[in-house]
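Asker: sequence below, structure please.
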Amino acid sequence: MKNRAKLTTEKSNLKTINIDKRSTLEIVDIVNSQDMLVAPAVAKERKRIAAAAELIVRSFKKGGRLFYVGAGTSGRLGVLDAAECPPTYGVRPTLVQGIIAGGRRALVRSIEGAEDVAGNGAKAIIRKRLKAADVVVGIAACGLTPFVQGAMKKAKEVGAATVFITCAPQAKKIITADIIINPVVGPEVITGSTRMKAGTATKLVLNTLTTTAMIKTGKVYGNLMVDLRATNAKLQDRSERIIMETTGLSRRAAKKLLKKANGLVKAAIVMHSRKLDLKKALKILRHCEESLRAAIGK
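Answerer: Sure, this is the predicted structure:
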């Protein structure tokens with residue numbers, strides 16, 4: 001697509017044409033009213049988001065990984081979501097990975113030209129030793145980013161499952177992916193500034209994908225993150241409270257049990273419920289495919 005002006009993400013927003021003439025409070029209200037359009041747009045994509053989450057779950061169960069690929073804001077959002085998975089769900093850092101055009105430097109400083117070479121996207125995904133069991137999620141608000149397109153093309157060649165997230169419906173016809181998630185949030189408050197509504201929509205989609213996948217692979221019991229790692233005071237406190245809530249133990253007893261379980265919340269709950277030592281509790285969890293509910297029968 002040569003004329004980017006036709007993209008929804010590049011169009012002028014008629015509601016904000018004279019925003020520079022408004023008072024501070026009026027500007028805040030306008031931005032807020034536009035943000036209210038995001039969640040309904042994401043909700044319209046619920047079936048495609050669910051289908052993508054199921055792809056990811058199947059990948060994880062086959063030993064596959066999830067890769068996010070993007071540039072600029074889209075790339076940073078992918079890296080952020082990937083980085084949050086290990087502390088929240090106790091997964092290895094390689095399970096969910098973010099790839100951003102321009103590399104690590106682009107996380108804190110704009111390197112806009114890095115996104116313009118499709119071959120760089122292909123090289124970036126090759127360096128990850130991509131395999132057919134993996135899932136690659138391309139993220140591009142406009143849908144046209146060469147870096148992302150290059151990575152997606154290489155993923156297809158390898159046989160990996162592919163998902164594409166874009167806020168530009170006009171780009172769908174040139175995107176080749178197993179699933180296209182397209183929340184249409186409309187033109188931005190500031191023309192072309194896709195870090196705003198498009199970025200918010202993307203963050204919501206990414207949150208939903210990994211949260212759903214982690215729930216379906218046994219990383220959550222009820223609504224509790226039972227596979228978290230107590231790597232700081234806040235998470236130590238949360239770990240103890242999760243054990244207290246699921247077992248009825250006192251704070252002191254929960255802390256003692258967590259220590260016996262080497263800080264493994266899920267294993268601690270199995271140890272208490274089934275009166276086992278850590279080694280046997282871990283064996284049962286493996287047998288139950290890491291499902292705490294199956295391991296304790298509740």
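Asker: does residue 169 really touch residue 182, like I thought?
Answerer: Yes: using C-beta atoms under 8 Å, residue 169 makes contact with residue 182 at a distance of 5.8 Å. All C-beta spots, glycine's among them, are computed from the backbone N, C-alpha and C.
Asker: these two: who's more crowded?
Answerer: Neighbour count, other C-beta atoms under 10 Å: between residue 169 and residue 182, residue 182 has more, with 20 against 15.
Asker: and the more buried one, backbone torsions?
Answerer: phi -130, psi 80 (degrees, to the nearest 10).
Asker: now residue 168
Answerer: Taking degrees, to the nearest 10 as the convention, residue 168 sits at phi -110, psi 100.
Asker: I'd like the distance between it and residue 121.
Answerer: 18 Å (C-beta to C-beta, to the nearest Å).
Asker: in terms of neighbours, single out the busier of these two.
Answerer: Comparing residue 168 with residue 121 by other C-beta under 10 Å, the one with more neighbours is residue 121, at 28 against 24.
Asker: what's whichever strand or helix holds that one packed up against?
Answerer: Element membership for residue 121, per DSSP states H and E: helix 118-126. Counting contacts by 3 or more C-beta pairs under 8 Å, 6 or more residues apart in numbering; DSSP states H and E, helix 118-126 is packed against strand 66-70, helix 146-158.
Asker: please work out which of the ones you listed is packed deepest.
Answerer: strand 66-70 (a mean of 28; mean count of other C-beta atoms under 10 Å).
Asker: direction included, what does that strand pair up with?
Answerer: strand 96-100 (parallel), strand 135-139 (parallel) (DSSP bridges).
Asker: what's the average pLDDT for that strand?
Answerer: Mean pLDDT, computed over strand 66-70, is 98.
Asker: okay, the angle between the following helix or strand past that strand and strand 135-139?
Answerer: The element immediately downstream of strand 66-70 (helix or strand, assigned by DSSP H and E) is helix 72-89. Orientation check (axes from the mean of the first three to the mean of the last three C-alpha atoms, to 10 degrees): helix 72-89 against strand 135-139 gives 140 degrees.
Asker: thanks a lot, see you next time.
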